[in-house]
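> need coordinates for the below:
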Amino acid sequence: DVEEFHREYYLPHLSSRHGELALFGRSLAQLQKAVTSGFLLQVWWGERWVSGMVVERLRAERLHPLAVGLHPSCLQSWQNGALAAAYYFLFRWAMENGVRIVDLGGSPPNRMDGLFHHKALWAAEPKRDAWHHTEIVFYVDPAAHLPPIVAEQLVWETDRFVSLSESVR
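Numbering: from 1, shown residues only. Model (predicted):
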């Protein structure tokens with residue numbers, strides 16, 4: 001099933017959504033390794049497998065979805081809920097099995113970024129990266145006009161994330 005998911009769901013979905021960037025997707029070996037501690041979640045619509053997700057479970061209290069995929073017959077109508085159903089069932093499974101954290105992974109810390117927005121819809125919260133090499137420092141004149149994409153960049157202010165525009169007020 002993992003091999004079929006990788007070939008028939010994950011790779012076509014990745015390619016459809018991200019074009020050439022799809023070259024940087026997960027390998028079949030990565031997904032097979034992940035299911036040794038986790039699982040392949042399959043979403044069925046009647047007799048048809050329409051979407052799925054490979055979920056890694058490294059610790060009892062934490063899940064990490066590594067790959068999501070949509071059957072090619074659903075790619076044209078990918079917003080019909082088949083992928084949302086995979087997330088729904090993942091969170092439901094986590095709750096029913098005492099899993100406290102579903103780690104959706106990193107994304108650009110910007111409220112206008114689509115990936116950030118998608119994760120926020122599932123109640124994900126940004127966390128400060130402990131690795132200091134990812135830190136960026138902004139020096140902004142409070143009188144400067146910030147374009148919206150810059151204004152919505154999240155920055156750490158004392159003990160929480162705020163938008164850059166909120167930070168310079």
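
> so what secondary structure elements neighbour whichever strand in the chain runs longest?
Ranked by residue count, the top strand of the chain under DSSP state E comes out as strand 48-59. Strand 48-59 is packed against helix 28-37, strand 39-45, strand 62-70, helix 82-96, with contacts defined by 3 or more C-beta pairs under 8 Å, 6 or more residues apart in numbering; DSSP states H and E. Using the backbone N, CA and C atoms, a C-beta is placed for each residue, glycine as well.

> any chance of the ones you listed in JSON lines, plus mean neighbour count?
Converted to JSON lines, the helices and strands packed on strand 48-59 look like this (neighbours: other C-beta atoms under 10 Å):
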{"stretch": "helix 28-37", "mean neighbour count": "15"}
{"stretch": "strand 39-45", "mean neighbour count": "17"}
{"stretch": "strand 62-70", "mean neighbour count": "22"}
{"stretch": "helix 82-96", "mean neighbour count": "16"}
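
> now tell me what touches stretch 104-124 from outside.
Residues outside stretch 104-124 that contact it (C-beta atoms under 8 Å, 6 or more residues apart in numbering) are 64-65, 87, 91, 126, 129, 148-149, 152-155, 161, 163.

> just the residues you listed: which are in helices?
In this view, the contacts of stretch 104-124 that belong to helices under DSSP state H are 87, 91, 148, 149.

> chain neighbours aside, what residue packs nearest to the third one?
Right, residue 148. Leaving aside its chain neighbours, residue 148 sits nearest to residue 112 (6.6 Å; criterion: C-beta to C-beta, 6 or more residues apart in numbering).

> where does the one you found land in three-state SS?
Put simply, residue 112 is coil when judged by DSSP: H, G, I helix; E, B strand; the rest coil.

> what about it, neighbour count?
Close neighbours of residue 112, defined as other C-beta atoms under 10 Å, add up to 14.
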